[in-house]
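K.L.:
Sequence isn't available, so here's the structure alone:
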């Protein structure tokens, strides 16, 4: 009986599939922890945190269309989140001169303070969740992850 | 003026934060591609694919509670997905002897065929998305990702 030819392509794709499942599992693990802590410690959600993080980086503010394209969610979802942030006094809508249809969304100073506290806590949680990995693990893996084009 | 003391802890947490963002970005990139292809090529969704993947691994079938705990989604969501799979003839509900309240969910032979085709395509997409990474990159990174406990 002839020996079957090796199937390197199939083995390659199995390894890549295992890689993808490990990537997904690691990512979900950290995400679930962060969602849970945001809820318990700041009574907030990850999409809300993500919107505030986007606004934090912008001095002048962002249009709704900019927010939703960066966050890869629908305009409708972002509208709901921004409405609630406005109600909570963390965000304001500012008219744009010469553009009646759009407005800019911007963090209030209370919003900046609130986000700053959340971001510091978030950094600490992530550091603890990844505490087992040493700098070399992190740097090497980061370089590989950056090559998975996003 | 005294030289400020180095802050290794802060640098460590910045590197871990960068790692987490790279992990999230890589994972979302692959996930978005897979969602898109499942929709275009099989007119289906990722949660539907995930439910079928779970059922694929089980010979006897799974309870709704087992499905929803494994998938980390609510029972309500899984119920909707399973209802549609039943309607499409891909899944059946089977009574459990001696348990009137629960039933087992199982792939039909049409469901097994349909999933088999999707799983093969899925493996090919993942292999192409990760084609740039060589076996050493993959193996090293896999080992690190497995240490991010999930």
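P.N.:
Great, that's in hand. Since the structure is predicted, the reported quantities are computational estimates derived from the model, not experimental observations.
K.L.:
can we go C-alpha only for contacts and neighbour counts from here?
P.N.:
Will do.
K.L.:
can you map out the helices along chain A?
P.N.:
Using DSSP state H, the helices assigned to chain A run over residues A:8-42, A:46-56, A:64-71, A:75-87, A:109-129, A:135-147.
K.L.:
So which bits of stretch A:34-50 are buried?
P.N.:
By neighbour count with 16 or more other CA atoms under 10 Å in any protein chain shown, stretch A:34-50 contains the buried residues A:34, A:36, A:37, A:38, A:45, A:46, A:48, A:49.
K.L.:
that older thread, can you tell me which of the helices of chain A the model trusts least?
P.N.:
Lowest mean pLDDT within those: helix A:64-71, a mean of 85.
K.L.:
The lengthiest strand in chain A: partners in the sheet, and parallel or antiparallel?
P.N.:
Longest strand of chain A, by residue count under DSSP state E: strand A:99-107. Paired with strand A:99-107 in the same sheet, following DSSP bridges, are strand A:62-63 (antiparallel), strand A:91-96 (antiparallel).
K.L.:
what mean pLDDT does that strand have?
P.N.:
Average pLDDT, strand A:99-107: 90.
K.L.:
circling back to that earlier point, out of the strands paired with strand A:99-107, the one nearest residue B:135 is which?
P.N.:
Minimum separation from residue B:135 across the strands paired with strand A:99-107 (CA to CA) falls at strand A:62-63, 42.0 Å.
K.L.:
quick one: contacts of that closest one?
P.N.:
Here strand A:62-63 makes contact (CA atoms under 8 Å, 6 or more residues apart in numbering or on different chains) with A:55, A:102, A:103, A:104, A:105, A:106.
K.L.:
is the third one in a bridge, and if so with what?
P.N.:
So the one you mean is residue A:103. residue A:95.
K.L.:
got a list of what the most centrally placed residue in chain A touches?
P.N.:
Centroid check for chain A by CA atoms, centre = their mean gives residue A:50 as the closest residue, at 5.7 Å. Counting by CA under 8 Å, 6+ apart, residue A:50 makes contact with residue A:71.
K.L.:
what about 10 Å?
P.N.:
Applying CA atoms under 10 Å, 6 or more residues apart in numbering or on different chains to residue A:50 gives the contacts A:56, A:67, A:70, A:71.
K.L.:
With residue A:90 instead?
P.N.:
Residue A:90 neighbours (CA under 10 Å, 6+ apart): A:52, A:82, A:84, A:106-115.
K.L.:
quick one: it from residue A:41, how far?
P.N.:
For residue A:90, the distance to residue A:41 (CA to CA, to the nearest Å) stands at 17 Å.
K.L.:
repeat for residue A:91
P.N.:
In this view, residue A:91 and residue A:41 are 20 Å apart by CA to CA.
K.L.:
Also residue A:60?
P.N.:
Residue A:60 is 29 Å from residue A:41, where distance means CA to CA.
K.L.:
that older thread, among the contacts of strand A:62-63, which pair sits farthest apart?
P.N.:
Pairwise distances across the contacts of strand A:62-63 (CA to CA) peak at 16.1 Å, for the pair A:55 and A:102.
K.L.:
More neighbours: which of the two?
P.N.:
For residue A:55 versus residue A:102, the count of surrounding residues by other CA atoms under 10 Å in any protein chain shown is larger for residue A:55: 22 against 15.
K.L.:
circling back: relative to residue B:27, which of the helices of chain A is closest?
P.N.:
Among these, the nearest to residue B:27 by CA to CA is helix A:8-42 (5.9 Å).
K.L.:
Can you give the distance of that closest one from its chain's centre?
P.N.:
Mean C-alpha position of helix A:8-42 versus that of the full chain (CA atoms, centre = their mean, to the nearest Å) differs by 14 Å.
K.L.:
List the buried residues for it?
P.N.:
Buried residues in helix A:8-42, counted by 16+ other CA under 10 Å: A:12-28, A:30-31, A:34, A:36-38.
K.L.:
cool, and stretch A:116-136?
P.N.:
Buried, per 16+ other CA under 10 Å, within stretch A:116-136: A:118, A:121, A:122, A:123, A:124, A:125, A:126, A:127, A:129, A:130, A:133.
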